[in-house]
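[1] Just a sequence and a predicted model for now, questions to come.
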Amino acid sequence: MLTTADADFGMRVCVLASSSSGNTTYIETPQHKVLVDAGFSGKKIAALLASIGRDLNDVDSLFITHEHTDHVQGMGVLARRYPKLRIYANEGTFAALPKSVGKLPYDQLSIFKRGTTLSLGDLDIESFGVSHDAAEPQFYQFHHDDKAFTILTDTGYVSDRLAGTIRDSDAYLMEANHDLTMLREGPYPWGLKQRIMGAEGHLSNADGAAALMDVIGPRTKRIYLGHRSANNNTKPLAHQTVADMLLAEGLPVGHDFQLLDTERETPEALFTV
């Protein structure tokens with residue numbers, strides 16, 4: 001239960017883990033505790049939450065971005081094991097879920113259409129479509145008390161319209177999936193390389209930096225770089241590429257806002273937006 005001291009803590013966020021192997025993020029307000037994606041086993045997600053002092057039994061909502069395994073691996077287990085958990089996704093995503101997810105309890109599912117806003121008490125969630133090779137991929141911006149946190153990974157590009165939708169968030173989880181040189185010179189088959197670099201693939205380090213140039217605003221205080229490839233990127237390279245490009249554009253990294261990294265299986269510190 002919330003104490004008097006905790007009653008007005010605002011919106012707290014923790015990127016529990018983010019990479020091309022698995023993704024899940026935790027968000028809480030005084031009234032809600034939610035997850036975005038379940039790209040690990042149920043046991044692993046429970047352990048990630050426990051490591052920041054949170055319990056899966058208290059999570060009331062799970063928002064799914066798209067049906068790829070690194071975003072839904074534990075979805076079925078969580079749904080069946082936690083009957084109070086409500087799961088939100090659009091119709092295309094629900095229809096395209098892999099068989100490995102298993103049978104989902106119908107009464108726990110809610111359709112959340114692209115381009116709409118869902119209000120859950122003290123938390124408003126805005127959905128927006130992205131360009132990715134999934135059935136109906138969408139990501140989310142979370143709003144609480146005039147604060148906004150945006151998650152944007154798994155997209156081949158960021159349109160002007162999308163940039164306008166997510167501009168000037170207080171915090172971002174932004175994709176920096178690959179270094180183009182590492183990808184081109186790496187061991188992947190050429191077809192897979194083309195998919196990753198394509199308009200329905202993933203943002204490179206440079207693409208992520210370019211997107212940030214269009215959306216960073218006066219309110220922006222934290223930027224997390226996520227969905228990093230294990231084979232086509234490194235944490236130092238992603239960070240340095242993005243930092244250098246932002247600094248060259250006159251955006252004061254480390255002064256007006258922090259540029260932060262995410263880990264493949266280790267949570268970042270819980271922060272207040």
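    Okay, I see it. Numbers count the residues shown, from 1 in each chain.
[2] got the CA coordinates for the host helix or strand of Leu212 in CSV?
    In this structure, Leu212 sits in helix 205-215 according to DSSP states H and E. Taking C-alpha atoms only, helix 205-215 is exported to CSV below (Å, rounded to 0.1, in the frame of the first residue of the first chain):
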residue,chain,number,x,y,z
ASN,A,205,22.8,4.4,-34.2
ALA,A,206,22.8,7.3,-36.6
ASP,A,207,19.1,7.0,-37.4
GLY,A,208,18.3,7.1,-33.7
ALA,A,209,20.4,10.2,-33.3
ALA,A,210,18.7,11.8,-36.2
ALA,A,211,15.3,11.0,-34.8
LEU,A,212,16.3,12.5,-31.5
MET,A,213,17.4,15.7,-33.2
ASP,A,214,13.8,16.1,-34.3
VAL,A,215,12.1,15.3,-31.0
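[3] need the strands for the stretch 151-273 of the chain, in chain order.
    171-175, 222-226, 258-261, 271-272 (DSSP state E, counting those that start in this stretch).
[4] Adding distance to Phe9, mean pLDDT and mean neighbour count, write those strands out as CSV.
    All C-beta spots, glycine's among them, are computed from the backbone N, C-alpha and C. Shown next, in CSV, are the strands of the stretch 151-273 of the chain (distance: least, Cβ to Cβ, whole Å; pLDDT from 0 to 100; neighbours: other Cβ atoms under 10 Å):
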stretch, distance to Phe9, mean pLDDT, mean neighbour count
strand 171-175, 15, 98, 27
strand 222-226, 16, 98, 25
strand 258-261, 20, 98, 18
strand 271-272, 7, 98, 14
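[5] For Leu62, which of these is the nearest?
    Leu62 lies closest, by Cβ to Cβ, to one member of these: strand 171-175, at 16.4 Å.
[6] how much does the closest one deviate in direction from strand 222-226?
    Orientation of strand 171-175 against strand 222-226 (axes from the mean of the first three to the mean of the last three Cα atoms, to 10 degrees) gives an angle of 20 degrees.
[7] Okay, domains of this protein per the record?
    Here the domain assignment for the chain is 10-113, 155-261, based on automatic domain parsing.
[8] Quick one: mean pLDDT over the strand or helix carrying Ala47.
    Using DSSP H and E, Ala47 sits in helix 42-50. Across helix 42-50, pLDDT averages out at 98.
[9] roughly how far is that helix from the heart of the chain?
    In terms of Cα atoms, centre = their mean, to the nearest Å, the centre of helix 42-50 is set 17 Å apart from its chain centre.
[10] The following helix or strand past it pairs with which strands, parallel or anti?
    Helices and strands here follow DSSP H and E; after helix 42-50, the next one along the chain is strand 61-63. The pairing partners recorded for strand 61-63 under DSSP bridges are strand 33-36 (parallel), strand 86-89 (parallel).
[11] can you tell which of the ones you listed is closest to Asp133?
    Proximity to Asp133 (Cβ to Cβ) singles out strand 86-89 among the strands paired with strand 61-63, at 16.9 Å.
[12] To His132, which of the strands paired with strand 61-63 lies closest?
    strand 86-89 (14.2 Å).
[13] who touches the closest one?
    60-65, 75, 79, 104, 108-112, 118, 125 (Cβ atoms under 8 Å, 6 or more residues apart in numbering).
[14] quick one: the helix or strand following it to chain centroid distance?
    In the C-terminal direction, the helix or strand that comes right after strand 86-89 (DSSP H and E) is helix 91-96. Its chain's average C-alpha position is 19 Å from that of helix 91-96, according to Cα atoms, centre = their mean.
[15] Give the next helix or strand downstream of helix 91-96.
    strand 109-111.
[16] Residues touching the next helix or strand after that following strand, excluding its own?
    The first helix or strand that comes after strand 109-111 along the chain, using DSSP H and E, is strand 117-120. By Cβ under 8 Å, 6+ apart, the residues outside strand 117-120 that reach it are 31-32, 61, 88, 112, 124-127.
[17] switch to 10 Å and redo it
    For strand 117-120, the surrounding residues in contact (Cβ atoms under 10 Å, 6 or more residues apart in numbering) are 29, 31-32, 34, 60-61, 63, 86, 88, 110, 112, 124-127, 140-143.
[18] got the buried residues for it?
    For strand 117-120, burial by neighbour count (16 or more other Cβ atoms under 10 Å) applies to 118, 120.
[19] Thanks a lot, see you next time.
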